[in-house]
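[1] below is the sequence, then the predicted model.
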Amino acid sequence: MTEPGTASPADLRRAQQREQLLRDELPRVRAAALAWRNGLGALLAGLLGFGLVKGRTDVGQLDERWAATVGVVLLLALIAGTSGALLLLRAAHGRPAVRALAKLPPGPIADRREAAATTRALRMGIAATLACTALLVGGVATTWYGPGRAKPVLKVIIQGEAVCGSVRETGGGKLVLQTDTGRRTVDLNGVTAMLPVDRCA
Amino acid sequence: MTEIPYEETTDPEFAGAAARTFAVETYPDGLLLRGPCPRCASVIEVALVDEVFSRGLLGWRRGSPAPPPAPEPVEPVICTCTEAHPGRPDGRVGCGAYWLFAVPASPS
Ligand SMILES: [Zn+2]
Ligand SMILES: [Zn+2]
């Protein structure tokens, strides 16, 4: 074994600094987690309120496939937000757990380990919450700016021919359709089938 | 037994005594030294770890300003007992004793 020699006051300061860093490491991480929890919580609460209040009225007017996408995005946002909240709570307040005393490492090591786990939870919680925010914004933006639901059009069969378009006017036994190729006037007496469709094929 | 006052002091004898009496345990997180303080005789535990949380946002930074590949062969150790030692400043622990401890090169 090498002879360690005599310690200097610099060694004392270094050992004191290290001891203090380790001793209040866990409270420091918890305090940081608490601050993040509060900040991100406020941000999310605001966004959620905004998104739900503004979004719901508009989602019905969205193209169906886009509406389904918005649904999936909002579900993902919900999952990310919930995990984020749980992770931040775990980081700020610790995990409620009962552990076998025999398996518990000695105090300083146990604290170090808890601080490391807390930091991991804090980082993942921040990432999940920010992901939730992004998804939420994306979902709401899609609701606002996504393509609108197509206006229903009418498809009529007349003398074996299909005519499809939006209804312009009706009256006097006539039906005027705006088709892709221009206006078509259809004599209703000759119509053998008439069905509303989402779009002209 | 009279109370030992807090005093930041070292003695070549401390290092020798600690080298004889301290046990070193290895954990994935670092090393744990355990033994009686050479000055006040309280049994203390000292952790020597690589990493410590220091910043709210970015997480890890090395514990000491100049990052050494921890733990070094020789580490300074202070007494970390929680007994009463008159004259101890607020925020400090132990009796004030400090010494150098030769860490086993590759503990297993
Ligand atoms: Zn002591
Ligand atoms: Zn003591």
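    That came through fine. Numbering: from 1, shown residues only, chains lettered A, B, ... in the order given. Ligands and ions are numbered 1, 2, ... in the order given.

[2] output the contacting helices and strands for the longest helix seen in chain A.
    Criterion DSSP state H: the longest helix present in chain A is helix A:107-145. Applying 3 or more C-beta pairs under 8 Å, 6 or more residues apart in numbering or on different chains; DSSP states H and E, one finds that helix A:107-145 contacts helix A:9-23, helix A:25-59, helix A:64-93, strand B:30-36, strand B:43-49, strand B:51-55, strand B:59-62. (Each C-beta comes from the backbone N, C-alpha and C, glycine too.)

[3] looking at these, which is buried most?
    Comparing these by mean neighbour count (mean count of other C-beta atoms under 10 Å in any protein chain shown), strand B:43-49 ranks first with a mean of 20.

[4] who's in contact with the spatially most central residue of chain A?
    When C-alpha atoms, centre = their mean is applied to chain A, the residue found nearest the centroid is residue A:77 (2.0 Å). By C-beta atoms under 8 Å, 6 or more residues apart in numbering or on different chains, the contact set of residue A:77 is A:132, A:135, A:136, A:139.

[5] if we can go back for a sec, pLDDT averaged over the longest helix of chain A - what is it?
    In this model, helix A:107-145 has an average pLDDT of 90.

[6] can you list the helices and strands packed on helix A:107-145 in CSV and add mean pLDDT and distance to residue B:20?
    As requested, the helices and strands packed on helix A:107-145 are exported to CSV (pLDDT from 0 to 100; distance: least, C-beta to C-beta, whole Å):
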stretch, mean pLDDT, distance to residue B:20
helix A:9-23, 92, 20
helix A:25-59, 81, 30
helix A:64-93, 91, 42
strand B:30-36, 93, 9
strand B:43-49, 92, 15
strand B:51-55, 70, 29
strand B:59-62, 45, 31
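
[7] and the next element down the chain from the longest helix of chain A?
    Toward the C-terminal end, the helix or strand that comes next after helix A:107-145 (DSSP states H and E) is strand A:153-158.

[8] show me the contact partners of that following strand.
    For strand A:153-158, contacts defined as C-beta under 8 Å, 6+ apart pick out A:162-167, A:175, A:177, A:186-187, A:190-200.

[9] quick one: buried ones out of those?
    Using 16 or more other C-beta atoms under 10 Å in any protein chain shown as the burial test, these include A:163, A:164, A:165, A:175, A:177, A:186, A:200 as buried.

[10] quick one: which of those residues sit in helices?
    Going by DSSP H, the helices hold none of these.

[11] kindly reformat those residues as JSON lines containing distance to residue A:123 and pLDDT.
    Shown next, in JSON lines, are the buried ones among the contacts of strand A:153-158 (distance: C-beta to C-beta, whole Å; pLDDT from 0 to 100):
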{"residue": "A:163", "distance to residue A:123": "62", "pLDDT": "91"}
{"residue": "A:164", "distance to residue A:123": "56", "pLDDT": "91"}
{"residue": "A:165", "distance to residue A:123": "57", "pLDDT": "90"}
{"residue": "A:175", "distance to residue A:123": "64", "pLDDT": "90"}
{"residue": "A:177", "distance to residue A:123": "60", "pLDDT": "90"}
{"residue": "A:186", "distance to residue A:123": "66", "pLDDT": "90"}
{"residue": "A:200", "distance to residue A:123": "53", "pLDDT": "82"}
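
[12] can you put those residues in a markdown table and add distance to chain B?
    Below are those laid out as a markdown table (distance: C-beta to the nearest C-beta, whole Å):
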| residue | distance to chain B |
| --- | --- |
| A:163 | 65 |
| A:164 | 59 |
| A:165 | 59 |
| A:175 | 67 |
| A:177 | 62 |
| A:186 | 68 |
| A:200 | 55 |
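
[13] how about residue A:107: what's its closest non-neighbour residue?
    Take residue A:107 and drop its neighbours on the chain: the residue closest to it by C-beta to C-beta, 6 or more residues apart in numbering or on different chains is residue B:45, 6.2 Å away.

[14] er, residue B:82 actually
    Nearest non-adjacent residue to residue B:82 (C-beta to C-beta, 6+ apart): residue B:93, at 6.3 Å.

[15] residues touching that neighbour, list them.
    Taking C-beta under 8 Å, 6+ apart, we find residue B:93 in contact with A:19, A:23, B:78, B:79, B:80, B:81, B:82.

[16] okay, and the helix or strand of chain B with the least pLDDT?
    Counting by mean pLDDT, DSSP states H and E, chain B has its least confident helix or strand at strand B:59-62, which shows a mean of 45.

[17] would you mind identifying the next helix or strand past that strand?
    Next along from strand B:59-62, by DSSP H and E: strand B:74-78.

[18] among the contacts of residue B:93, name the buried ones.
    A:19, B:78, B:79, B:80, B:81.

[19] so which of those also contact ligand 2?
    The overlap between the buried ones among the contacts of residue B:93 and the neighbours of ligand 2 (C-beta under 5 Å from the ion) comes to residue B:81.
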